[in-house]
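>>> Fold the following and give me the result.
(one chain, ligands or ions: 2)
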Amino acid sequence: MKTFQYLLKTAFVFILLLFPLAVLAQKSLNITQGLMAHYQFNGDVEDESPNQNHGKMMGGVSLCDDRFGNPCSAMSFNGEDGFISVKSSQSLNSPSEGLSISAWIKISDNNKHSDLQWVSICCKSNQQKEDDYNPHYRFQSTKVTMSLNTDFTEEFKHEIDFDRWYFYTLNYDGLFVKAYLNARPIWEFNYSKRLYSNDLPLEIGRDVPGVTEYFAGNMDDVRIYNRPLKASEIETLYRDESEKVQEVSYCPEINLPKKEEKTADNGDRLDLQETVNVRSRQITVYLYDHGKEDGDIISVKFDNEWVLEKHTLENKKNRLKRNKSIQLTLKPNKEYYLISKAWNLGKVPPNTLTLEIYDGISPKPQIATINSSIGTNGAIKIMYVPQ
Ligand SMILES: [Ca+2]
Ligand SMILES: [Ca+2]
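Numbering: from 1, shown residues only. Ligands and ions are numbered 1, 2, ... in the order given. Here you go, the predicted model:
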């Protein structure tokens with residue numbers, strides 16, 4: 001009897017010890033080994049892996065509802081000119097003998113690429129001419145083909161429904177290329193060549209090599225691994241519901257260039273630095289150089305329009321009215337972005353713009369400063385909040 005009690009006690013202690021481990025195991029659903037990049041699209045295009053392969057939104061892409069209905073937690077691609085561009089990096093160049101790419105996708109039947117169900121998830125290239133190095137890898141399928149690189153485009157037969165979320169995975173283990181839909185294996189093909197890296201960007205939602213195709217529909221949770229995933233790991237990712245909890249409480253209205261055009265700001269990073277709430281719909285903004293006048297040249301964009309082009313900043317004058325000013329009109333409770341593009345760094349970097357903002361109601365102006373450098377546009381958010 002004593003032995004039995006002892007056993008029971010030991011078992012109890014053992015269970016108690018194991019319990020936190022089990023909880024931990026459940027929490028660490030995110031499979032991180034070999035993860036080169038992970039895009040959750042929760043309000044942004046940042047890489048959630050430690051590799052900092054952050055993306056840039058290009059052309060017709062915007063945040064949309066995810067598969068749980070959370071706003072601004074997935075990415076919508078217009079199928080015409082929208083994609084995400086990610087600079088080449090050591091981590092993105094690392095796959096050679098194995099690879100896995102997975103994404104939640106919901107394709108739409110609204111463009112010229114939908115007849116064959118083109119699903120262009122990502123492609124490590126932005127060049128047309130195809131060879132061993134171009135693309136390094138891709139995940140692209142139609143209802144009759146599956147592509148991993150240029151060499152590997154094979155016959156594939158699989159139709160999916162439009163306007164429905166699927167978890168789609170491409171896996172290459174050095175022996176087979178396999179496709180999984182909702183974690184179920186649907187196809188495999190023998191292949192055993194290595195993948196050759198290049199220094200071209202990774203593009204999500206666009207496949208330039210050969211003919212350019214764009215993804216039409218919504219995408220979420222794009223994960224790229226430099227190793228094949230096990231079937232059990234694909235299942236784990238598919239079952240993961242950690243995104244059910246809403247992370248983005250509002251939709252940031254980022255007025256990035258809508259078209260992929262060679263405008264001055266195309267390709268620049270946006271650095272949001274401050275939020276200013278004003279009390280009337282008409283505001284006057286005076287602009288001057290912060291500190292020493294050193295020849296800073298800027299352009300200013302407001303609500304996606306250039307309102308000032310290549311203006312040389314001057315010091316604050318004794319009478320402010322002699323400084324450059326702009327008049328802006330705001331709708332209530334809408335988020336506006338005022339973006340400063342630096343054309344130089346002046347003699348004393350960075351390029352610093354001071355804004356003195358008058359709303360005609362507040363007794364004092366609000367002062368904001370925006371730091372910009374070449375390639376990184378500083379921005380502030382302005383909102384008219386009626387009292
Ligand atoms: Ca998401
Ligand atoms: Ca192509």
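>>> Around ligand 2, pick out the residues from the stretch 151-300 of the chain.
Residues of the stretch 151-300 of the chain lying near ligand 2 by Cβ under 5 Å from the ion: 207, 209-210, 213. Yep, even glycine has a C-beta here, placed from its N, CA and C like the rest.
>>> Please indicate which of those residues are buried?
207, 209, 213 (16 or more other Cβ atoms under 10 Å).
>>> Which of those lies at the shortest distance from ligand 2?
For these, the minimum distance to ligand 2 (Cβ to the ion) is 3.8 Å, reached by residue 207.
>>> returning to that earlier point: could I get the buried ones among the residues of the stretch 151-300 of the chain next to ligand 2 as CSV with pLDDT, distance to ligand 1 and secondary structure?
Output for those, formatted as CSV (pLDDT from 0 to 100; distance: Cβ to the ion, whole Å; DSSP: H, G, I helix; E, B strand; the rest coil):
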residue, pLDDT, distance to ligand 1, secondary structure
207, 96, 22, strand
209, 96, 28, coil
213, 94, 23, strand
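>>> remind me which residues of the chain are low pLDDT?
By pLDDT under 70, the weakly predicted segments of the chain are 1-30, 247-267.
>>> mind running it again at 80?
The chain contains residues with pLDDT under 80 at 1-30, 111-114, 246-268, 291-292, 318-319, 321, 346-349.
>>> wait, what's in contact with the residue positioned nearest the centre of it?
Nearest to the mean C-alpha position of the chain, by Cα atoms, centre = their mean, lies residue 45 at 1.6 Å. Contacts of residue 45 were listed using Cβ atoms under 8 Å, 6 or more residues apart in numbering, and they are 39, 54-57, 75, 84.
>>> Skipping its backbone neighbours, what lies nearest it in space?
In space, and not counting its chain neighbours, residue 45 is closest to residue 55: 3.7 Å by Cβ to Cβ, 6 or more residues apart in numbering.
>>> any idea how far the one you found lies from ligand 2?
19 Å (Cβ to the ion, to the nearest Å).
>>> hang on, isn't that residue packed against residue 47?
Yes: here residue 55 reaches residue 47: they are 7.1 Å apart, a contact under Cβ atoms under 8 Å.
>>> shared neighbours of those two, anything?
Residues touching both residue 55 and residue 47 (Cβ under 8 Å, 6+ apart) are 39, 86.
>>> Show me the domain layout of the chain.
Structural domains assigned to the chain are 35-244, 269-384, following automatic domain parsing.
>>> just those: most buried one?
Compared across those, domain 35-244 shows the largest average neighbour count, a mean of 19 (mean count of other Cβ atoms under 10 Å).
>>> For that one, measure first residue to last.
End-to-end distance of domain 35-244: 22 Å, with Cα to Cα, to the nearest Å as the criterion.
>>> again with stretch 140-148
End to end - Cα to Cα - stretch 140-148 spans 7 Å.
>>> any residue of that stretch up close to ligand 2?
No: applying Cβ under 5 Å from the ion, one finds stretch 140-148 separated from ligand 2 by no less than 6.9 Å.
>>> Tell me the residue of the stretch 101-250 of the chain that sits nearest ligand 1?
residue 220 (4.5 Å).
>>> what's the helix or strand where that residue lies packed up against?
Under the criterion of DSSP states H and E, residue 220 resides in strand 216-225. Packing contacts for strand 216-225, counted by 3 or more Cβ pairs under 8 Å, 6 or more residues apart in numbering; DSSP states H and E, involve strand 35-39, strand 74-78, strand 99-107, strand 119-123, strand 202-204.
>>> So what touches the first one?
It stands for strand 35-39. 30, 45-49, 51, 53, 55, 75, 84, 86, 91-92, 94-95, 202, 204, 221-226.
>>> can you give me the offset of that strand from its chain's centre?
From the chain centre to the centre of strand 35-39 is a distance of 11 Å (Cα atoms, centre = their mean, to the nearest Å).
>>> do the third one as well
How far strand 99-107 lies from its chain's middle: 14 Å, per Cα atoms, centre = their mean.
>>> How about exporting it as CSV, limited to the C-alpha atoms?
Only the C-alpha atoms of strand 99-107 are listed here, as CSV (Å, rounded to 0.1, in the frame of the first residue of the first chain):
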residue,chain,number,x,y,z
LEU,A,99,13.3,24.9,-48.8
SER,A,100,9.8,25.4,-47.5
ILE,A,101,7.4,28.3,-48.2
SER,A,102,3.9,28.4,-46.7
ALA,A,103,1.2,31.0,-46.9
TRP,A,104,-2.5,31.5,-46.2
ILE,A,105,-4.1,32.6,-49.5
LYS,A,106,-7.5,33.6,-50.8
ILE,A,107,-7.4,34.0,-54.6
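>>> Could you tell me which strands that strand is paired with, and in which direction each runs?
Neighbouring strands of strand 99-107 in its sheet, by DSSP bridges, are strand 166-172 (antiparallel), strand 216-225 (antiparallel).
>>> Make a markdown table from those strands and add distance to residue 290 to it.
Shown next, in a markdown table, are these (distance: least, Cβ to Cβ, whole Å):
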| stretch | distance to residue 290 |
| --- | --- |
| strand 166-172 | 49 |
| strand 216-225 | 39 |
